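Chemist: sequence? don't have it. structure:
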């Protein structure tokens with residue numbers, strides 16, 4: 001079958017596309033910026049088309065001749081995410097109907113509802129009237145399901161709660177809270193019941209949904225083998241990870257808003273995403289029907305095994321996708337202007353150049369490994385303080401880390417940067433996603449030394465395009481630190497490349 005995957009730059013879509021190919025389907029991926037899929041290891045096996053679910057006029061070509069269309073996008077992290085997702089779902093449904101698509105598949109969240117009694121059974125679909133008091137996140141997910149189910153195209157809605165898998169936002173929250181806080185005062189919602197599900201089971205259901213009978217037009221609850229409280233999940237995570245038993249003390253004073261700030265400070269998930277996720281945890285998220293097994297048989301993983309598999313992926317640096325892959329800010333998404341456009345205008349540039357006693361290959365390995373656990377090669381305290389200030393302002397800060405210790409792809413997050421361009425062995429360009437009054441980039445290049453084939457030249461360029469008077473004031477305020485930070489960074493990257501070359505030479 002011909003399948004269209006939207007959200008292929010995101011956590012689930014980036015994993016689903018190659019699995020659909022492996023299942024024998026022909027896959028087309030819709031992306032606002034196709035460059036962000038360029039370095040995906042499966043990119044050569046799918047068709048990539050440009051389009052935006054917010055722009056209906058860009059969708060016809062993407063939906064042409066499609067049998068099954070997957071809606072896997074969301075705007076979490078934007079203040080108006082409910083409006084954005086409503087518009088995206090409306091445009092998606094209209095395009096699918098016009099193109100004669102035979103099946104829509106949507107991965108949503110648990111249906112918001114009051115806490116059930118023992119005999120309560122959730123219907124296959126609830127009306128909007130039953131969602132009063134629900135969090136904005138769950139309310140939006142349910143609204144998207146309503147739109148797609150009413151599209152006149154047979155639709156399957158898979159409702160999942162907490163997804164356990166390396167790189168998922170839910171798993172990162174759980175992981176960092178548990179690992180960093182051996183004892184914690186927690187909000188009341190840690191006592192609510194949740195039915196987590198392994199990401200591999202989610203993907204199995206999504207792939208199988210393409211083959212469901214045409215008459216199926218409904219929602220299904222999907223969950224793992226265990227029903228736990230969030231506190232149970234933290235304790236069991238600690239046990240699987242080999243940590244000491246965690247001390248958890250729930251208190252009434254921590255409101256969802258306060259606990260979202262707490263999550264934002266402790267974990268890599270920024271406040272803009274943590275707030276709606278935490279607000280959703282005030283609802284119990286347990287499946288009340290298991291009808292999906294009538295169509296997709298098979299055992300699901302338990303919580304402990306799902307955690308064990310996720311930690312193994314992290315240890316082996318084999319994380320396919322991360323939650324941060326699709327969370328870039330639209331306002332900062334414009335590429336670095338070319339030299340003729342910015343060289344004479346309002347801009348600030350810091351240029352550094354170092355001669356390196358090592359070949360390009362060694363220098364490039366250091367460049368491509370920057371950030372995450374390797375740090376930024378100069379004045380760690382300054383980087384840390386700037387990251388914390390951004391977190392306090394509601395930004396992403398410095399804690400997103402990197403998906404892989406040594407390899408980067410266009411479009412993925414790297415601490416507070418986004419990889420805008422990478423030319424292996426030559427160039428790495430990063431775009432800042434800090435909350436600043438302007439746009440900023442950091443560019444690093446490696447080139448052979450024309451005078452000595454055994455040496456290389458490292459060039460580093462930081463560019464800031466200010467926005468208004470505040471932008472100029474910002475640059476003036478940070479300028480005293482830039483001489484220390486950027487000169488130290490260039491010096492230490494060159495030094496590490498030389499040391500790496502020396503070690504490899506001694507070992508050879």
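Modeler: The structure has been received and is ready for your questions. Small disclaimer: the values here were computed from a predicted structure and weren't measured.
Chemist: What is the longest helix of this protein by residue count?
Modeler: As assigned by DSSP state H, the longest helix anywhere in the chain is helix 468-507.
Chemist: Now do that helix: which elements does it pack against?
Modeler: Packing contacts for helix 468-507, counted by 3 or more CB pairs under 8 Å, 6 or more residues apart in numbering; DSSP states H and E, involve strand 348-356, helix 360-368, helix 380-392, strand 438-449, strand 452-466. C-betas here are computed from N, CA, C, even on glycine.
Chemist: Nearest to residue 321 among these would be which one?
Modeler: Across those, residue 321 has its closest neighbour in helix 360-368 (18.7 Å, CB to CB).
Chemist: between that closest one and strand 438-449, how many degrees?
Modeler: 160 degrees (axes from the mean of the first three to the mean of the last three CA atoms, to 10 degrees).
Chemist: got the buried residues for helix 360-368?
Modeler: 360, 362-368 (16 or more other CB atoms under 10 Å).
Chemist: Which strands and helices lie in contact with that helix?
Modeler: By 3+ CB pairs under 8 Å, 6+ apart, helix 360-368 packs against strand 438-449, strand 452-466, helix 468-507.
Chemist: Out of those, which is the most enclosed?
Modeler: strand 438-449 (a mean of 20; mean count of other CB atoms under 10 Å).
Chemist: Contacts for that strand, please.
Modeler: The contact list for strand 438-449, computed with CB atoms under 8 Å, 6 or more residues apart in numbering, reads 332, 334, 336, 355-356, 359-360, 363-364, 367, 370, 417, 420, 425-432, 434, 455-467, 471, 474-475, 493.
Chemist: Please apply the same query to stretch 48-66.
Modeler: Residues from elsewhere that reach stretch 48-66 (CB under 8 Å, 6+ apart): 2-4, 6, 8, 28-34, 37, 69, 73, 84, 87-88, 91-92, 94-96, 98-99, 101.
Chemist: how about the residue nearest to residue 395 when sequence neighbours are not counted, secondary structure?
Modeler: Once flanking residues are discounted, residue 395 sits nearest to residue 435: 4.1 Å by CB to CB, 6 or more residues apart in numbering. Of the three states, residue 435 takes coil under DSSP: H, G, I helix; E, B strand; the rest coil.
Chemist: Same question for residue 410.
Modeler: Under three-state DSSP, residue 410 falls in the coil class.
Chemist: residues touching the closest residue to residue 150 other than its chain neighbours, list them.
Modeler: Of all residues beyond its chain neighbours, the one nearest residue 150 is residue 93 (7.5 Å), with distances taken as CB to CB, 6+ apart. Residues near residue 93 by CB under 8 Å, 6+ apart: 104, 147-148, 150-151, 153.
Chemist: Kindly report the same for residue 205.
Modeler: Contacts of residue 205 (CB under 8 Å, 6+ apart): 158, 220, 222, 292, 296.
Chemist: Then residue 32?
Modeler: 50-52.
Chemist: Count residues in the vicinity of the residue nearest to residue 292 when sequence neighbours are not counted, would you?
Modeler: Distances taken as CB to CB, 6+ apart place residue 220 nearest to residue 292, at 4.1 Å, with adjacent residues excluded. The local packing of residue 220 (other CB atoms under 10 Å) involves 23 other residues.
Chemist: can I assume residue 220 sits in a strand?
Modeler: Yes: assessed with three-state DSSP, residue 220 lies in a strand.
Chemist: List the beta-bridge partners for it.
Modeler: residue 158 (DSSP bridges).
Chemist: Pull up the gap between it and residue 491, please.
Modeler: 57 Å (CB to CB, to the nearest Å).
Chemist: which element follows the helix or strand harbouring residue 20 toward the C-terminus?
Modeler: Using DSSP states H and E, residue 20 sits within helix 13-22. Downstream of helix 13-22, the first helix or strand assigned by DSSP H and E is strand 26-31.
Chemist: neighbouring strands for that next one, and are they parallel or not?
Modeler: Checking strand 26-31 against DSSP bridges gives partners strand 2-6 (parallel), strand 47-50 (parallel).
Chemist: okay, those strands in CSV with mean pLDDT and mean neighbour count next?
Modeler: Below are the strands paired with strand 26-31 laid out as CSV (pLDDT from 0 to 100; neighbours: other CB atoms under 10 Å):
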stretch, mean pLDDT, mean neighbour count
strand 2-6, 97, 23
strand 47-50, 96, 16
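Chemist: how about these, which one is nearest residue 303?
Modeler: Here strand 2-6 is closest among the strands paired with strand 26-31 (CB to CB), at 27.8 Å.
Chemist: how does this structure divide into domains?
Modeler: In terms of domains, the chain is parsed into 2-321, 338-507 (source: automatic domain parsing).
Chemist: Could you measure from the residue of the chain most remote from its centre over to residue 457?
Modeler: Within the chain, the residue lying farthest from the chain centre (CA atoms, centre = their mean) is residue 451, at 43.6 Å. From residue 451 across to residue 457, the span is 10 Å (CB to CB).
Chemist: Equivalent analysis for residue 1, please.
Modeler: Counting by CB to CB, the gap from residue 1 to residue 457 is 51 Å.
Chemist: One more: residue 51?
Modeler: From residue 51 to residue 457 the distance is 41 Å (CB to CB).
Chemist: so what's residue 418 bridging to?
Modeler: residue 413, residue 431.
Chemist: What is the neighbour count of it?
Modeler: Using other CB under 10 Å, the number of residues around residue 418 comes to 26.
Chemist: okay, it: pLDDT?
Modeler: Looking at residue 418, its pLDDT stands at 91.
Chemist: And the one 3 residues further on, by the same measure?
Modeler: What the model reports as pLDDT for residue 421 is 91.
Chemist: Which positions in the strand or helix carrying residue 85 come out as buried?
Modeler: Using DSSP H and E, residue 85 falls within helix 81-99. Residues of helix 81-99 classed as buried by neighbour count (16+ other CB under 10 Å): 81-82, 84-93, 95-96, 99.
Chemist: Just give me the closest of those residues to residue 399.
Modeler: residue 81 (21.5 Å).
Chemist: Verify the contact between the closest one and residue 139 for me.
Modeler: No: if you go by CB atoms under 8 Å, residue 81 and residue 139 don't touch, sitting 10.9 Å apart.
Chemist: Just name the shakiest helix or strand of the protein by mean pLDDT.
Modeler: helix 339-342 (a mean of 39; mean pLDDT, DSSP states H and E).
Chemist: hmm, back to that, ok, which of the helices and strands packed on helix 468-507 comes nearest residue 211?
Modeler: That would be helix 360-368 among these, by CB to CB, at 40.6 Å.
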